[in-house]
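Participant: What follows is a predicted structure for the sequence shown.
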Amino acid sequence: MKIRSLLICFFLLLSIISNAQDIHFSFAERNPLVLNPALAGANFKKEATLNYRNQWSSLGDPITTTSLGFYSRLTKQRRNIGNTLALGLQFVNDKSGNPSISSNSFSFILADHIQISNESKIGVALSAGYSQRAIRINDGQWATQYNGTAYDPSLGSGESLESTEFRYLDLGAGIVYTFIESGRTFSQSESRIINVGLSAYHLNRPNNSFYDLNTDRLPVRVSAFASAERGIPGTNGAVLPGVYYHQQGSANQLLVGALYKFRITDDTKYTGFNKPLSVSFGLFGRLKDAAIFKLMLDWDQYSFGYSFDFNTSGLNEYSSGFGANEIFLRFRMSEGGPSRFSR
């Protein structure tokens with residue numbers, strides 16, 4: 001019983017620490033508005049995403065995170081001239097641990113992409129959001145409720161919070177460089193896509209405390225990433241490497257890896273008779289935390305993906321390696337229509 005209680009306390013501590021920092025997804029590249037607001041309109045005319053992550057379920061009450069994102073270009077993209085405006089909306093729900101700590105956030109994003117050549121553009125964006133965070137004290141098991149032999153829910157928790165819920169406004173910004181070179185053949189084996197970005201969230205340092213609503217401020221999160229897709233000439237394959245780095249206060253996270261994409265069928269650019277179908281798989285690593293296996297399926301404008309995080313940190317002793325399961329669904333449309341994608 002003593003060991004079990006220690007494990008519960010350990011898990012609660014991890015839950016609280018995780019809520020002091022921002023959410024994260026293993027499919028960072030498939031959750032564009034969470035990664036960088038300037039990705040709104042960068043690669044597609046329209047894109048809608050649904051991401052779900054379930055973490056540490058083997059330890060008890062899991063951390064679950066769900067995000068819904070959508071953006072659309074407001075003006076038509078032109079090659080080598082002018083700029084393109086895009087509007088994005090993002091909703092995120094996060095729930096963790098016992099006692100339950102939940103948060104909901106809704107963000108509005110405005111992006112502007114300036115064409116600097118036929119293949120290159122730079123996008124900048126601002127995001128403004130409204131967030132709510134709440135804790136359910138009565139759901140928790142506290143040290144004061146341990147009567148010496150067992151947990152006794154009739155005993156008081158001894159916890160007194162200034163508030164069990166608070167709300168705040170949240171501001172962010174981002175910049176992205178995009179390079180897209182379409183293949184000159186039907187196989188598209190010569191195509192190249194590069195995205196490089198830098199973003200910052202919580203620029204207004206909103207409140208992040210249930211105890212003191214004035215002194216504990218949410219640290220600014222700075223995120224940098226570089227991702228690419230490079231067709232392998234003469235084959236039906238492509239390589240998709242990616243590097244994602246986040247820094248928030250004293251915490252940092254590095255995610256790096258690559259996918260191999262195999263095209264089962266190509267699209268016919270002019271007739272639209274065939275729909276593109278491909279499967280991608282690969283490995284990523286989150287430094288000092290997890291090894292991640294990813295699998296994705298792309299058909300026409302639809303995508304589906306699954307990833308599994310295998311713990312490599314000290315938590316592995318208690319989780320038996322089962323870190324997180326994550327899935328995503330995506331719909332995207334290019335300027336040329338459903339079957340003519342820029343990516």
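Facilitator: Looks like it came in fine.

Participant: CA only for contacts and neighbour counts going forward, please
Facilitator: Noted.

Participant: so who does the nearest residue to Arg53 once chain neighbours are set aside touch?
Facilitator: Leaving aside its sequence neighbours, Arg53 sits nearest to Glu326 (CA to CA, 6 or more residues apart in numbering; 4.4 Å). By CA atoms under 8 Å, 6 or more residues apart in numbering, Glu326 lies in contact with 25-27, 51-54, 306-308.

Participant: ditto for Gly242
Facilitator: 29, 225-228, 256-258.

Participant: Phe304 and Ser191, how far apart?
Facilitator: 22 Å (CA to CA, to the nearest Å).

Participant: ok, Pro233 - how many residues close by?
Facilitator: Neighbour count of Pro233, defined by other CA atoms under 10 Å: 14.

Participant: So it: helix, strand or coil?
Facilitator: Pro233 falls in the coil class when you classify it by DSSP: H, G, I helix; E, B strand; the rest coil.

Participant: Can you give me the separation between it and Ser191?
Facilitator: Taking CA to CA, one finds Pro233 at 9 Å from Ser191.

Participant: Equivalent analysis for Ile116, please.
Facilitator: Taken as CA to CA, the span from Ile116 to Ser191 is 19 Å.

Participant: Compare these two and say which is more crowded by neighbours.
Facilitator: Ser191 (20 against 14).

Participant: Do I have it right that that one meets Gly231?
Facilitator: Yes: with contact defined as CA atoms under 8 Å, Ser191 reaches Gly231; the gap is 5.4 Å.

Participant: OK, contacts around Gly41?
Facilitator: 71-73, 84-87, 111, 113.

Participant: can you check Pro37 too?
Facilitator: Contacts of Pro37 by CA under 8 Å, 6+ apart are 88, 109-111, 125-127, 172-175, 199.

Participant: List phi and psi for it.
Facilitator: phi -60, psi -20 (degrees, to the nearest 10).

Participant: Report the separation between it and Phe44.
Facilitator: The gap separating Pro37 from Phe44 is 14 Å, by CA to CA.

Participant: Same question for Pro32.
Facilitator: 11 Å.

Participant: ok, back up a step: list buried residues within the contacts of Gly41.
Facilitator: Neighbour-count burial (16 or more other CA atoms under 10 Å) applied to these gives 71-73, 84-87, 111, 113.

Participant: tell me which of these is nearest to Asn204?
Facilitator: Lowest distance from Asn204 to these (CA to CA) belongs to Ala111, with 19.3 Å.

Participant: Mind telling me what element the residue nearest to Arg53 is part of?
Facilitator: Following DSSP states H and E, the helix or strand that holds Glu326 is strand 322-333.

Participant: what do you get for Val34?
Facilitator: Going by DSSP H and E, Val34 is part of helix 32-35.

Participant: Now do the strands in the chain.
Facilitator: 46-55, 63-73, 83-96, 101-115, 120-135, 165-181, 192-201, 221-231, 237-248, 251-265, 277-286, 290-299, 302-311, 322-333 (DSSP state E).
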